[in-house]
Each structure stands twice: as C-alpha cells, then as structure tokens.
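# I need the structure of the sequence given here:
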Amino acid sequence: MSSVRTLVCVKQVKQEAPEEWDESMPLPGDIIEGLAENDDHESFVQIKAKSELGTLLGKISQQVEALWLRVRRGDRIIKLRVRAVAERNSMLQKKYTIRAAKDDRHVAIIGDLTFEQCTELQEMSRKVVNVDGRGFRKQGVKYDWKMKVDTYLPDQRSPVISSVLFPPLQGENSIEATTARCMAWFSAAVSSGVPLVFVNIQTEQIVTSERINFTGREICGGKQQNPTTTMQIVLGIRLWFLPGVAEVLLEMTPELGEARFGMDIKRTEEGFFCVYSVTEGSPADRAGMRHLYEEANANGYLLVISRLEGKSVMPSGAICDGHLDCCDHNEIKDTLTSAIDSMERIHVHIMVWSSQPHPSVSRSNAATLLPPNWFHPSSPL
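Residues are numbered from 1 along each chain as shown. Next up is the predicted model:
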C-alpha cells in the first residue's frame with residue numbers, strides 16, 4: 001500500500017488581523033518549494049519536508065538576516081522576502097520557522113500536508129486577501145449612531161422593517177411546505193387589503209423543545225422547562241415586509257368631556273388590527289383618521305394600525321400548533337381606555353398604501369406580490 005505524498009506547507013499564521021495580510025507574506029496553503037539567501041533562481045535549495053526546512057533555517061539564519069522563500073500559490077510561483085525566527089515552544093532543541101519580513105507578528109506555522117489540504121487552505125487565503133476585489137485598506141471611522149437614529153428614523157422606537165417567523169408545523173417535514181404556508185399568509189393579508197410590501201424571505205434555525213409526559217409527547221417552540229425536556233433545532237421561514245409604503249403618525253388628543261377616541265378596531269384573520277369606523281368630531285377624526293379611512297376605502301385598502309404608542313401591534317410569528325402570535329386585543333383596548341381616562345394624547349401609526357387603487361381579488365386568486373408604486377404624501381393632516 002503506497003503512502004500518501006505530503007508537501008511542506010504553511011498550515012497557519014499567528015497574525016490575528018487577517019485584514020492586514022497581503023500577497024507579499026506567507027499565507028496559509030502556500031506550498032514551500034525552496035529557500036535561498038538571495039532571489040537568484042539557481043541558489044534556491046529544494047525543500048521536501050518540514051524537518052529539512054527547520055534545519056536549513058537554523059544554518060542560514062546565523063549568516064544572513066533576511067531570506068527568500070519560493071512558494072507555489074495556485075498555479076503561480078512566488079518569491080517571498082522572509083526572516084527566520086525561533087519557535088517559542090522549542091525549549092530543549094531550538095527549532096525555526098519563518099515570519100513576514102515587514103511584519104514581526106506574521107509568524108507562519110509549517111506542516112507536512114497533502115495537496116488537497118494545501119489547496120483548501122489556499123482557497124481560504126484567497127478569500128481573505130482577495131487583492132483584486134478588496135480595494136483600498138479599510139479603517140474605522142467614528143459615526144454618531146444616536147444622532148442618525150434620532151434624525152433619520154420616523155420613530156426612534158421603530159426599526160421601519162418588520163418580519164414574521166413561521167416554524168414548521170408538526171408533520172411538516174420540508175422547507176418548501178413551510179415556505180408555501182408563509183406565502184399563503186402574506187398573499188391572504190395583501191388580498192384582504194392590508195398594504196404590506198414584500199422585502200425578503202429567508203430560512204432560520206429555531207430551537208424547539210420536546211416534553212415527554214405520561215400521556216405522550218408534546219412538541220412546541222420554547223425554552224427547556226424540566227429535566228425531561230429535550231432540545232432540537234428545526235428550520236423555519238422568516239418573512240420580511242414593510243408595513244405599507246410608509247407609516248403616518250397620528251396624534252389623537254382628547255378634549256374635556258370626551259369618553260372615547262372615536263375609532264373602532266377589529267383584528268383581521270391574518271392578525272392585523274384595522275379601523276372599521278371613525279366617529280365624526282372625535283379625537284380620531286380631528287387627527288385625520290376619518291379622512292384616511294375614507295381614502296383607504298376608496299382605493300380598496302384597509303386602514304391598518306402598525307404601532308400604538310410606538311409599540312408594534314402587528315403579528316410577530318406563527319406557533320408550531322398552527323396559531324398566530326398576535327397582540328392581545330384587550331391590552332390594546334386597555335391602553336386606549338387608560339389614556340382617555342387620564343385625558344392624555346396617544347400616538348397611532350397607520351400603514352400608508354400605494355396611490356394606485358388596490359385590485360379586488362377573489363378568494364380563488366392569489367394576491368399580486370409586486371410592491372406598489374411609491375407613495376407621494378399629500379400635505380400634512
């Protein structure tokens with residue numbers, strides 16, 4: 001049985017800042033073919049094993065300060081300027097390795113590796129260095145994050161973009177089935193008149209628990225609750241969307257003697273809260289909500305609330321038992337009641353729709369998933 005042929009190769013580099021590597025340095029995967037005191041082709045001594053390189057480095061390093069290393073990198077032969085350095089862990093017998101001539105931190109660890117191992121390391125180094133695509137050297141620049149958030153977000157408590165996470169149902173064993181269910185939810189929401197704008201879809205790992213009891217097994221997303229609970233990772237789908245082409249902020253301020261804000265809300269089947277009536281002359285009407293409600297109806301959309309007092313009231317995900325994870329309707333009602341009882345103003349964000357009328361869609365047809373034309377806001381309400 002023939003032995004596997006190995007090559008002398010740079011196995012690792014101790015330099016902890018790979019963004020500072022460049023092609024003039026020894027890089028992981030470099031196949032070392034020769035060593036010399038100068039870069040003349042005839043002066044290079046062929047290297048066949050790691051032990052040979054160490055011995056040769058020990059001899060030459062006592063005569064010259066810098067050396068030349070000939071390496072094979074991909075289909076190219078490159079000559080590198082290096083220096084010999086003693087390995088720190090060689091106490092009884094001094095052993096030598098190489099480092100980059102212009103960076104004392106860039107110390108190479110040499111090994112006898114197979115050609116396949118060298119090739120794999122070279123591919124890693126190519127991605128790190130990537131001289132052609134890297135451009136100029138990068139540096140850290142101070143950035144005022146707080147000022148940017150305060151200035152350029154419509155609301156400091158909102159990330160603008162929203163998402164819903166769909167874990168697989170029990171017995172749902174393919175990512176395609178979960179994806180189809182996710183897109184069915186989105187299509188149904190858009191068809192009903194919720195002005196969502198599709199952004200992206202991605203797979204996501206979800207940690208689930210499996211509880212074993214006397215009656216059988218229960219599987220549900222959550223944290224480990226007792227010693228008999230086992231954890232597993234499943235693949236779910238996260239759908240990213242914009243709550244309308246924009247969000248408009250309405251400030252409803254009650255006046256003395258008013259007992260309601262004057263808007264009635266209900267939850268859609270897909271978990272969104274929409275306004276279905278606005279009382280004339282009420283705080284909601286004065287804030288411009290009745291005008292928006294009539295305009296939404298004229299364009300075939302629902303008037304959907306995205307946030308209340310800066311907090312999202314949109315569904316955040318599905319549950320493994322098939323339910324939707326939605327905001328508590330009673331808690332929203334209590335928030336409005338508490339504000340009106342204290343005669344405090346309240347902030348409501350409304351999803352803005354496209355100026356293009358929403359097409360009527362029958363139950364048997366899927367909603368169009370293309371984003372609408374960009375909304376051009378009218379004068380402030």
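
# Ranking helices and strands of this protein by mean pLDDT, which lands last?
strand 216-221 (a mean of 47; mean pLDDT, DSSP states H and E).

# after that strand comes which helix or strand?
With elements assigned by DSSP states H and E, the helix or strand that comes after strand 216-221 is strand 229-242.

# That next one pairs with which strands, and in what direction?
Strand 229-242 has the following sheet partners, assigned by DSSP bridges: strand 162-166 (antiparallel), strand 197-213 (antiparallel).

# Pick the most buried one from those strands.
strand 162-166 (a mean of 20; mean count of other Cβ atoms under 10 Å). No exception for glycine: its C-beta is placed from N, CA and C like everyone else's.

# Give me the contacts around that one.
178, 181-182, 185, 204, 206, 236-243, 306, 312, 314-318 (Cβ atoms under 8 Å, 6 or more residues apart in numbering).

# What segments of this protein are helices?
50-60, 115-129, 131-134, 145-152, 175-192, 283-286, 289-298, 329-341 (DSSP state H).

# Can you redo the ones you listed as JSON lines, where the extra columns are distance to residue 30?
Shown next, in JSON lines, are the helices of the chain (distance: least, Cβ to Cβ, whole Å):
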{"stretch": "helix 50-60", "distance to residue 30": "12"}
{"stretch": "helix 115-129", "distance to residue 30": "7"}
{"stretch": "helix 131-134", "distance to residue 30": "15"}
{"stretch": "helix 145-152", "distance to residue 30": "41"}
{"stretch": "helix 175-192", "distance to residue 30": "40"}
{"stretch": "helix 283-286", "distance to residue 30": "71"}
{"stretch": "helix 289-298", "distance to residue 30": "65"}
{"stretch": "helix 329-341", "distance to residue 30": "63"}
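
# Check the strands paired with strand 229-242 for me: which has the lowest mean pLDDT.
Mean pLDDT is lowest for strand 197-213 out of the strands paired with strand 229-242, coming in at a mean of 81.

# Let me know the angle separating that strand from helix 175-192.
Relative orientation of strand 197-213 and helix 175-192, computed by axes from the mean of the first three to the mean of the last three Cα atoms, to 10 degrees: 130 degrees.

# which stretches of the chain have low pLDDT?
Residue ranges of the chain with pLDDT under 70: 1-3, 89-92, 130-138, 154, 156-157, 209-230, 356-381.

# residue with max distance from the center of it?
residue 63 (53.6 Å; Cα atoms, centre = their mean).

# show me what contacts that one?
residue 37.

# Let me know the distance separating it from residue 36.
12 Å (Cβ to Cβ, to the nearest Å).

# swap in residue 347?
75 Å.

# So these two - more neighbours on which side?
Legend: neighbour count by other Cβ atoms under 10 Å for residue 347 and residue 36, higher for residue 36 (19 against 16).

# can you count the residues close to residue 4?
So residue 4, with other Cβ under 10 Å, has 7 neighbours.

# Now do the contacts for the nearest residue to residue 27 once chain neighbours are set aside.
Excluding the flanking residues, the one nearest residue 27 by Cβ to Cβ, 6 or more residues apart in numbering is residue 125, at 4.1 Å. Residues in contact with residue 125 (Cβ under 8 Å, 6+ apart) are 21, 27-30.

# Please repeat the previous calculation with a cut-off of 6 Å.
Going by Cβ atoms under 6 Å, 6 or more residues apart in numbering, residue 125 touches 27-29.

# just residue 339 next, same as before
Contacts for residue 339 (Cβ under 6 Å, 6+ apart) come out as residue 346.

# The one 4 residues further on now?
With contacts taken as Cβ under 6 Å, 6+ apart, residue 343 has the following neighbours: residue 254.

# For residue 255, see how far away it is.
Relative to residue 255, residue 343 is positioned 8 Å away (Cβ to Cβ).

# do residue 168 as well
For residue 168 relative to residue 255 (Cβ to Cβ), the value is 51 Å.

# Between the two, which is the more surrounded one?
The residue with more neighbours, out of residue 168 and residue 255, is residue 168; 20 against 10, by other Cβ under 10 Å.

# number of nearby residues for the closest residue in space to residue 165 that isn't next to it in sequence?
Among residues not flanking residue 165 along the chain, residue 317 sits closest, at 3.9 Å (Cβ to Cβ, 6+ apart). By other Cβ under 10 Å, 19 other residues sit near residue 317.

# tell me which residues form a beta bridge with residue 317?
The partner residues for residue 317, given DSSP bridges, come to residue 165, residue 325.

# which residues does it contact?
By Cβ under 6 Å, 6+ apart, the neighbours of residue 317 are 164-165, 325.

# Not counting its neighbours along the chain, what's nearest residue 20?
residue 103 (7.3 Å).

# So what's the residue count around that neighbour?
For residue 103, using other Cβ under 10 Å, the count is 15.

# same question, residue 245
20.

# Please apply the same query to residue 313.
24.

# State the distance from it to residue 146.
Residue 313 is 26 Å from residue 146, where distance means Cβ to Cβ.

# can you check residue 166 too?
34 Å.
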